[in-house]
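Trainee: With the input below, show me the fold.
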Amino acid sequence: MEMYWVLKLFAWTVCLVVIGVNSDTSSEGDSGNTQSDSADVEEKQMPTVFIPILVRNKAHTLPYFFGCLERLHYPRNRISLWIRTDHNVDNSTAMLKEWVANARPYYHKIDFQYKQYPQRYLGESGPVDWPDERFEHVISLRQQALEEARKQWADYLFTIDVDNFLENPDVLWVLMHNEKTIIAPVLESSTMYSNFWGGMKENGYYKRTNTYLQIIRRNITGIFNVPMVHSTVLINLKHSATEKLTYKPPPSYRQHLDDILIFAYSAREAGIPMYVVNAVHFGQLLVPTAADASLEDEVEQMLHVKLQTIVENPPLPSSVLMHEPVRPVDKLGFDEIYMINLKRRPLRRQRMLHSLKWLGIEAKEFDAVDGKALTSDDLISMGIDMLPGYRDPYSERVLTKGEIGCFLSHYKIWQEMVQNNYQEILVLEDDVRFEEGFRPKLMNILTDVALAQVDWDIIYVGRKILNIDEEQYVSGVRNFVRPGYSYWTLSYILTQRGAKKLLAQEPLGRMVPIDEYLPIMFDKHPEKNWLSAFWPRDLKAFSVNPLLVQPTHYIGDNNYFSDTETSNIWEDVHERENGGSNEKKGDPAAGKDSLEESDADSPQDHFKMPTADSKEDGKGVNLTATDHAKEEGKEQKIEKTPIASSGEEKIPKNEKQAETVEQSRQQDEL
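Mentor: Numbers count the residues shown, from 1 in each chain. Next up, the predicted model:
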């Protein structure tokens, strides 16, 4: 008897399935749409995503926020955008109007509303302040967006703040395939700030934990249950528990009026855990500024993010559907700004030119002397010889070809400065990393120096500080010191008087590395024998402190290489001068760095900067839906990220080397 009912139930199920298929077919036939492309059907079955976008005074981030959004590997006709902007004092509204007008054909729906006035909230101290009125307004907007997503029967609500940049185009797929109700990708910043909390106090406020740091640094990777996610979050609205989520404070809520705190509270009340995933790099976000900060401070932070990004990675993608404001350039009041670059390092040059453009700096590209190309005949014809008795203080090696080329590059700039009667110049090498606020900080220091009437020849902007205890601050000038013995010539400012002093010594016939020569000339070198070879040593040297540029890489970093630590040429020169053979002897420095003798750019240089030619007109841009699971015709499978345990830590391959690098960084920061 039981078997009879089992078979009966099976027969009913088959009938219902057949009836369902037939009714679907009849419905399509009645609408006149009996033919359908299989790809379209598959695309329509993709989950729908509702993205709310709230904008206030973000003209500096919008091109890059939308640049990342446009490149998401997800069908755009399955995405609805809900955009609101108000209280703007910058160009945000006009930029949004332009983008929406160009983007409408590509997305399922764009709901855009804006208000020109008022431009301020009552009681706010500035455009980045958060008075209660602003919190109340944002809470109201977020609640409206949540309710609109439910009304549209969206499968997912994907909140993204407009100062978050999703560089990984597969972020949506990774989040969806982990099948969590609430999940966020871990975003990085210039500090330890991110879009989640590692711990929470009993009163609902932030608590720092060791796990938080491990997740941020990706010492452990996987999916982690956390008490708070914000800024960029994916919510699976297909899960019935999300009906209890809210941004409006419920009657039982007793914490601060804050949208992210209220949302996290409602999630806890609904029994919905929050997760973050850090398996790969997803993107980055800006660090919130202080309440009394200016809009210019936020603009500087955004500029710093762009500058830092291109040190190791491709630049942040810029929108092809809106114009990015072009910053005017100048020479910061100098007669000339030199950017030294080897011709065989074109990608370093490209990175520096983009950096200078973003900084609004007009610089002259100065072709460096390539030490690798120097021959013994070149050295003899230019009267170049090494200072007798010179040996590198650390490696005990002689002067290298790269160091000769580096010295000659700076030497030629000094000569050009005197010939052109320049009074002040700024010199930049091509491997520098600009500190945040480089331009305004440098201009402020130069203003203070002028007001204090400091008598100077050279001012270091970037160098290696060897003994900070020996350095004294200059009274009357902020962030300004008398330098001690230093390495590196990353960047410096030079007067014509200083250039003449450096040239007057005729240093080519007794050459030392450029970063040894400068301390000799301001009488701060520990090698007394080297000091005695030069007189007078009266270069008036100063330095900004903290430094305004740092090297892009330190020894021990991935992608570190040097163009000065190369093979020496002196044995060959001495052989030629003594009538000996031309055969080159072994290089005592050989093997120090496998990249030193390579003609190829380092892996850091292997990216392509976007050019004007790569951006087509709005109608010509291919913004049709992209199939995320195909690349070059091959299927890709996105696996669920395994939940990591506390024991799944990834230990650096060389902890000692990593520790040394970190100590070096900390010393430079001091």
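Trainee: From residue 360, how far out is the closest residue to residue 362 other than its chain neighbours?
Mentor: Of all residues not flanking residue 362 in the chain, residue 329 sits nearest, at 4.2 Å (Cβ to Cβ, 6 or more residues apart in numbering). The C-beta positions use only the backbone N, C-alpha and C, and glycine is treated the same way. Look at residue 329 and residue 360: by Cβ to Cβ, to the nearest Å, they are 5 Å apart.
Trainee: for residue 242, same thing?
Mentor: Residue 242 is 46 Å from residue 360, by Cβ to Cβ.
Trainee: Point out where this protein drops to low pLDDT.
Mentor: Applying pLDDT under 70 to the chain flags the ranges 1-44, 554-670.
Trainee: Run a quick neighbour tally on residue 371.
Mentor: Counted with other Cβ atoms under 10 Å, the neighbours of residue 371 add up to 25.
Trainee: My guess is it contacts residue 409. True?
Mentor: No - using Cβ atoms under 8 Å, residue 371 makes no contact with residue 409, being 9.2 Å away.
Trainee: tell me what the host helix or strand of residue 446 is packed against?
Mentor: Element membership of residue 446 [criterion: DSSP states H and E] is helix 438-451. Judged by 3 or more Cβ pairs under 8 Å, 6 or more residues apart in numbering; DSSP states H and E, helix 438-451 is in contact with strand 480-482, strand 541-544.
Trainee: try it again with 10 Å
Mentor: Packing partners of helix 438-451 (3 or more Cβ pairs under 10 Å, 6 or more residues apart in numbering; DSSP states H and E): helix 295-312, helix 346-359, strand 424-429, strand 458-465, strand 480-482, strand 486-495, strand 541-544.
Trainee: Which one of residue 242 and residue 360 is surrounded by more residues?
Mentor: Using other Cβ under 10 Å as the criterion, residue 242 and residue 360 rank with residue 242 on top: 20 against 14.
Trainee: Could you check how far the more buried one is from residue 99?
Mentor: Using Cβ to Cβ, residue 242 is found at 29 Å from residue 99.
Trainee: contacting residues around residue 329?
Mentor: Contacts for residue 329 (Cβ atoms under 10 Å, 6 or more residues apart in numbering) come out as 356, 357, 358, 359, 360, 361, 362, 363.
Trainee: for residue 125, same thing?
Mentor: 131, 290, 291, 292, 293.
Trainee: so the second one sits right up against residue 301, yeah?
Mentor: Read that as residue 290. No - the pair residue 290 / residue 301 is not scored as a contact, 11.6 Å apart, by Cβ atoms under 10 Å.
Trainee: still on that earlier bit, distance to residue 473 and mean neighbour count for the helices and strands packed on helix 438-451 - can I get that in a markdown table?
Mentor: Converted to a markdown table, the helices and strands packed on helix 438-451 look like this (distance: least, Cβ to Cβ, whole Å; neighbours: other Cβ atoms under 10 Å):
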| stretch | distance to residue 473 | mean neighbour count |
| --- | --- | --- |
| helix 295-312 | 25 | 18 |
| helix 346-359 | 27 | 18 |
| strand 424-429 | 22 | 24 |
| strand 458-465 | 13 | 23 |
| strand 480-482 | 5 | 19 |
| strand 486-495 | 16 | 23 |
| strand 541-544 | 10 | 24 |
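Trainee: Between these, which one is closest to residue 58.
Mentor: Of all the helices and strands packed on helix 438-451, helix 295-312 sits nearest to residue 58, with 8.4 Å by Cβ to Cβ.
Trainee: tilt between the closest one and helix 346-359?
Mentor: Here the directions of helix 295-312 and helix 346-359 differ by 180 degrees (axes from the mean of the first three to the mean of the last three Cα atoms, to 10 degrees).
Trainee: relative to helix 438-451, how tilted is helix 295-312?
Mentor: Going by the same axes, to 10 degrees, helix 295-312 makes 120 degrees with helix 438-451.
Trainee: please renumber so the chain begins at 347
Mentor: New numbering, starting at 347: the last item is helix 641-658.
Trainee: Next SSE downstream of helix 641-658?
Mentor: Assigned by DSSP H and E, the successor of helix 641-658 is strand 682-687.
Trainee: Now do stretch 765-783: distance to the chain's middle.
Mentor: Taking Cα atoms, centre = their mean, to the nearest Å, the mean C-alpha location of stretch 765-783 is offset from the chain mean by 22 Å.
Trainee: Please save the CA atoms from that stretch in PDB.
Mentor: Coordinates of each C-alpha in stretch 765-783 appear next as PDB, following Å, rounded to 0.1, in the frame of the first residue of the first chain:
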ATOM      1  CA  GLN A 765      74.500  77.700 -17.400                       C
ATOM      2  CA  ASN A 766      70.800  78.700 -17.400                       C
ATOM      3  CA  ASN A 767      71.300  81.000 -14.400                       C
ATOM      4  CA  TYR A 768      68.600  79.200 -12.500                       C
ATOM      5  CA  GLN A 769      68.300  80.400  -8.900                       C
ATOM      6  CA  GLU A 770      66.500  77.400  -7.300                       C
ATOM      7  CA  ILE A 771      65.600  74.000  -8.600                       C
ATOM      8  CA  LEU A 772      63.900  70.800  -7.300                       C
ATOM      9  CA  VAL A 773      65.400  67.400  -8.200                       C
ATOM     10  CA  LEU A 774      63.400  64.200  -8.100                       C
ATOM     11  CA  GLU A 775      64.700  60.700  -8.800                       C
ATOM     12  CA  ASP A 776      62.200  58.300 -10.500                       C
ATOM     13  CA  ASP A 777      61.900  55.800  -7.700                       C
ATOM     14  CA  VAL A 778      60.200  58.000  -5.200                       C
ATOM     15  CA  ARG A 779      56.900  57.600  -3.300                       C
ATOM     16  CA  PHE A 780      55.200  60.900  -2.500                       C
ATOM     17  CA  GLU A 781      54.000  61.300   1.100                       C
ATOM     18  CA  GLU A 782      50.400  62.500   1.700                       C
ATOM     19  CA  GLY A 783      50.100  66.300   1.300                       C
END
